[in-house]
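Trainee: Structural data only, the sequence is not supplied:
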């Protein structure tokens, strides 16, 4: 299909052509912007509030982020560059158009809720100059104040419009913002250390400022623990839907060469690693200075860096929500034949904005990202098995595209069973959500391979597969 036939030039149902491929700088900028995120201002303080020791945070997050980078580079990039299709279209060719619609509803909604947390965080900073406080209701689905809700709506509209402009616009915004945001995050951590009187290496390594903050919070809210391996699992798998789940096939399909696959490193180490620790220090400083344990991103950033901190929170939420809403738009586009990607992305933005109006959702990020990784991650195993193992096992790849099948039941069963078990363990047995991602992914791949062996009928070899 010609390049001009792809709606909006985004190649939603065609491989990305050579003329549209992008160099590594676009990906480094995008991953820096996306993962130096507004939500980091929530996640870092939540580690502290959950009782994670400073030593475990420093070492555990380092190991987890290394694993995340390796997963992106060696799991996602080879398939993305070989196929050059979105996750959604590639999955459609394997699972069938009707099956993938079910997945896309789940996928799109979960990504919208994630983007909604970023809208909430940005709105918390926009409210600072207007004296609009970021109050968190006890109920999960309870609105904040009317003025805060209005700010959320305005922030969400701006984010949605930028995301609807397409991937190149999303990447351009991130490229401009990322270097500055990283510097501000680092500065916030250093200023917080100064506010707590940490003026020597011995005081830093002793970590009394961190343990004192944990003791203060737990005296107020009850004792909690967040051990080393939970930190490793969280750092590795908080983006499980994007690497294990193959969502970033939609991003790396534009990569001109494999070196672009190392781009997540800047997001993991300067974004997640530095930003999480710095944000945790912001809360520790706030507790020392004012005995306030509420991790309000806008207020914490303002107390450390003034208006620069406030602006950083706004932009950090913005650059992260943009690609997340873009991914959701790609998912929603498949549900209505003929709908443009712009329209689908605006719908996704509207859902994300509504989610952002419920402040308590942002406070549940430690559990939410593991849960959405458990739900979405296993489907990536279907793509992995289809690309790497089907031919080797004498089976047919892209089975739905070859046969005209609209609903591949083998995919549904292989995805649904591990997810159901994972959700049972999370919600009924209290298992930490991130622990379930990899076992569910492996189980899904094994079940899909076995069911395909039992159900597939031999198909003639075709040089070019017809569009599903």
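Mentor: Good, I have the coordinates. Quick caveat, the model's predicted, so the values are computed rather than measured. Numbering: from 1, shown residues only.
Trainee: Double-check residue 325 against residue 160; I have them as touching.
Mentor: Yes. Using Cβ atoms under 8 Å, residue 325 is in contact with residue 160, at 6.1 Å. The way it works is simple: take the backbone N, C-alpha and C, and place the C-beta from them, glycine included.
Trainee: Now for these two: what residues contact both?
Mentor: 345, 348-349, 352 (Cβ atoms under 8 Å, 6 or more residues apart in numbering).
Trainee: Let's see the PyMOL selection covering just the buried ones among these.
Mentor: Of the shared contacts of residue 325 and residue 160, the buried ones can be selected in PyMOL as follows, counting by 16 or more other Cβ atoms under 10 Å:
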select buried, resi 345+348+349+352
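Trainee: Looking at the shared contacts of residue 325 and residue 160, which are in helices?
Mentor: Among the shared contacts of residue 325 and residue 160, the subset assigned to helices under DSSP state H consists of 345, 348-349, 352.
Trainee: Residue 325 and residue 160: which is more packed in?
Mentor: residue 325 (34 against 25; other Cβ atoms under 10 Å).
Trainee: can I get the shared contacts of residue 325 and residue 160 in CSV with distance to residue 154?
Mentor: Shown next, in CSV, are the shared contacts of residue 325 and residue 160 (distance: Cβ to Cβ, whole Å):
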residue, distance to residue 154
345, 18
348, 17
349, 12
352, 14
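Trainee: ok, so of the shared contacts of residue 325 and residue 160, who is nearest residue 453?
Mentor: Of all the shared contacts of residue 325 and residue 160, residue 453 sits closest to residue 348, with 36.9 Å by Cβ to Cβ.
Trainee: Near the residue nearest to the closest one when sequence neighbours are not counted, how many other residues are there?
Mentor: Nearest non-adjacent residue to residue 348, counting by Cβ to Cβ, 6 or more residues apart in numbering: residue 328, 3.5 Å away. By other Cβ under 10 Å, 28 other residues sit near residue 328.
Trainee: Now residue 328: which helix or strand?
Mentor: Assigned by DSSP states H and E, residue 328 belongs to helix 307-333.
Trainee: buried residues in that helix?
Mentor: Within helix 307-333, the residues that count as buried by 16+ other Cβ under 10 Å are 309-333.
Trainee: quick one: low-confidence parts of this structure?
Mentor: 1-9, 134, 166-175, 337, 460-468 (pLDDT under 70).
Trainee: Distance check, the spatially most central residue of it against residue 410.
Mentor: Most central in the chain under Cα atoms, centre = their mean is residue 239, positioned 4.7 Å from the mean C-alpha point. Distance of residue 239 to residue 410, given as Cβ to Cβ, to the nearest Å: 27 Å.
Trainee: try residue 279
Mentor: In this view, residue 279 and residue 410 are 43 Å apart by Cβ to Cβ.
Trainee: repeat for residue 121
Mentor: 40 Å.
Trainee: So for those two, which sits in the more crowded spot?
Mentor: It is residue 121, of residue 121 and residue 410, that has more neighbours when counted by other Cβ under 10 Å, with 32 against 23.
Trainee: Please name the nearest non-neighbouring residue to that one.
Mentor: residue 38 (3.6 Å).
Trainee: what do you get for residue 158?
Mentor: With Cβ to Cβ, 6+ apart, the residue lying closest to residue 158 is residue 318, at 7.4 Å.
Trainee: How about the contacts made by that neighbour?
Mentor: Contacts of residue 318 (Cβ under 8 Å, 6+ apart): 38, 118, 122, 155, 158-159, 162, 173, 177.
Trainee: Cross the residues you listed against helices and list the overlap.
Mentor: Among the contacts of residue 318, the members found in helices (DSSP H) are 118, 122, 155, 158-159, 162, 173, 177.
Trainee: Need those in TSV (columns: distance to residue 92).
Mentor: Below are those laid out as TSV (distance: Cβ to Cβ, whole Å):
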residue	distance to residue 92
118	28
122	33
155	33
158	32
159	27
162	27
173	29
177	33
